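Asker: My questions concern the predicted model and sequence given below.
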Amino acid sequence: MQHFLTNYYKLLSSLSLAMDFSTNGLMRHHQRVALISLQIGKLYGLNIYQQEKLFTAAILHDAGSSSWNEKDLLFDFFTTGTFKHCKKGYELFKNHSLFKSIADIVLYHHDRWDGRNNASGLKREEIPIESRIIHLSDRIDVLIREDIYILEQKEYICRQINQEKNKIFDPQLVEAFNDISNRECFWLDLHSPFLNEILSHHCPVITKELGLAEVLSVADTMSKVIDFKSPFTRRHSSGVANVASFLALKAGFSAEQCDIIKVAGLLHDLGKLGIPDSVLDKPGKLTKSEFNIMKRHTYYTYHILKMIDKFDTINHYASSHHETLSGRGYPFKLDGSDLENGARIVAVADIFSALTEIRPYRQAMEKAKVINILSNQVKAGAIDSELTSLLLANYEGAHILNEIS
């Protein structure tokens, strides 16, 4: 596994994009909050270790908010319903090998400076400095409108922020913001098509790399964010990952290859963060128009994962799970000549997991019905016959792994 290395910055900044879909489109909220935070933090005098924590917490700060309805509430400047997603983010990170140092930062990132109505009971300097910076940066960003030239918004945003100095925001941090807000480049960067490149220039962990075991841990956390999106798919991503890696092992894949397939399984529905709640949460059959919207999710998965170093194989396995051997799948109309065994495994695991999961609108399907559906998918030229037969020969083991995911 030592030879698999990917860039920490590219991994987190790319995955954060998936969390930035909302009713208003792709907002790049996490990247902009990270950029604002790093500039304020440096001016305030944070050391390099604090800057690393600040970047990681900022780029992931809203991981506890997946549904578009939740996100819409957070874009109210004076929103008060923030503790739920802060607590959910804290629970995601508190025992994580890479992210436990940011758990408290995420938990308190909406705490007011004056302590008023803070669920934590903290106020002023009791609130972690990184949380205070992210809170300020987050509220600056929600004031930014996409339909007005950014330099025309500067005066209004600065006035709004300064009115809340000593109340919502740390006064010293507001002064740091006032300093950097005098630079036109600060504002132009926030509306720039080169935002990712600009953020990488400010990032203190731009050269940090992660091995496969660490990528697995990040993907596992991201799968929870994906599955928070809808009550209909709770734990689906981890189920697909477990079944896919199990099937890969049975098919003779090496331990490293099984882990790569597991990462793909964990991230295969990443693009569903860009699908409206109303489509994902519909208990009945989708209309043609709704299904056309759903088809975007693998397209989004592909383009987000494409931005990450050494993710070509993972991307192919993850984003091809609705392609078919017959070439009638989506979104790229790949066929059997294009689909590697890893992609075929994830596709079989995805169908198996969906059929054997309990959903709010139905119980898990009986074994006979699952076998019948999978067999029909093979006959239709959708999925691989040998891998399907291998899975069905190990049905009980796969079913247990899906249930405990």
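Answerer: Everything's here; your move. Residues are numbered from 1 along each chain as shown.

Asker: going forward, measure contacts and count neighbours with C-alpha atoms only.
Answerer: OK.

Asker: tell me which residues in stretch 96-103 are buried?
Answerer: Buried positions in stretch 96-103, judged by neighbour count with 16 or more other C-alpha atoms under 10 Å: 99, 101, 102, 103.

Asker: I meant to write stretch 252-264 there.
Answerer: Neighbour-count burial for stretch 252-264 flags 253, 257, 258, 259, 260, 261, 262, 263, 264 (criterion: 16+ other C-alpha under 10 Å).

Asker: What helices and strands are in contact with the strand or helix carrying the fifth one?
Answerer: Take DSSP states H and E as the rule and residue 260 turns out to sit in helix 255-267. Packing partners of helix 255-267 (3 or more C-alpha pairs under 8 Å, 6 or more residues apart in numbering; DSSP states H and E): helix 212-228, helix 236-250, helix 312-319, helix 341-356.

Asker: looking at those, which is buried most?
Answerer: Across the helices and strands packed on helix 255-267, averaging neighbours per residue (mean count of other C-alpha atoms under 10 Å) puts helix 236-250 on top, at a mean of 27.

Asker: Stretch 129-139: which residues count as buried?
Answerer: Those would be 129, 130, 131, 132, 133, 134, 135, 136, 137, 138, 139, for stretch 129-139 by 16+ other C-alpha under 10 Å.

Asker: Identify the residue spatially nearest to the fourth one, adjacent ones excluded.
Answerer: Spatial nearest neighbour of residue 132, chain neighbours left out: residue 109 (6.3 Å); criterion: C-alpha to C-alpha, 6 or more residues apart in numbering.

Asker: The one you found touches residue 139, doesn't it?
Answerer: No. Counting by C-alpha atoms under 8 Å, residue 109 stays clear of residue 139, with 10.7 Å between them.

Asker: Low-confidence ranges, the stretch 301-405 of the chain, go.
Answerer: When residues are selected by pLDDT under 70, those of the stretch 301-405 of the chain lie in 360, 405.

Asker: Distance from stretch 141-152 to the middle of the chain?
Answerer: In terms of C-alpha atoms, centre = their mean, to the nearest Å, the centre of stretch 141-152 is set 25 Å apart from its chain centre.

Asker: Which of the helices and strands in this structure ranks last by mean pLDDT?
Answerer: Every helix and strand of the chain was ranked by mean pLDDT, DSSP states H and E. The lowest is strand 25-26, at a mean of 71.

Asker: Show me what that one pairs with in its sheet, parallel or antiparallel.
Answerer: strand 21-22 (antiparallel) (DSSP bridges).

Asker: Okay, angle between the helix holding residue 260 and helix 312-319 too, please.
Answerer: Following axes from the mean of the first three to the mean of the last three C-alpha atoms, to 10 degrees, one obtains 40 degrees for the angle between helix 255-267 and helix 312-319.

Asker: Rounded mean pLDDT for helix 255-267, please.
Answerer: What helix 255-267 shows for mean pLDDT is 98.

Asker: Please point out which parts of the following helix or strand past that helix sit buried.
Answerer: Per DSSP H and E, the first helix or strand lying C-terminal to helix 255-267 is helix 277-280. Residues 277, 279, 280 are the ones in helix 277-280 that count as buried (16+ other C-alpha under 10 Å).

Asker: who touches helix 277-280?
Answerer: Helix 277-280 is contacted by residues 67, 68, 69, 229, 230, 232, 286, 290, 294 when judged by C-alpha atoms under 8 Å, 6 or more residues apart in numbering.

Asker: and it, average pLDDT?
Answerer: Average pLDDT, helix 277-280: 91.

Asker: ok, back up a step: make a markdown table from the buried residues of stretch 129-139 and add secondary structure, pLDDT and distance to residue 270 to it.
Answerer: Formatted as a markdown table, the buried residues of stretch 129-139 follow (DSSP: H, G, I helix; E, B strand; the rest coil; pLDDT from 0 to 100; distance: C-alpha to C-alpha, whole Å):
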| residue | secondary structure | pLDDT | distance to residue 270 |
| --- | --- | --- | --- |
| 129 | helix | 98 | 31 |
| 130 | helix | 98 | 28 |
| 131 | helix | 98 | 27 |
| 132 | helix | 98 | 30 |
| 133 | helix | 98 | 28 |
| 134 | helix | 98 | 25 |
| 135 | helix | 98 | 26 |
| 136 | helix | 98 | 28 |
| 137 | helix | 98 | 26 |
| 138 | helix | 97 | 23 |
| 139 | helix | 98 | 26 |
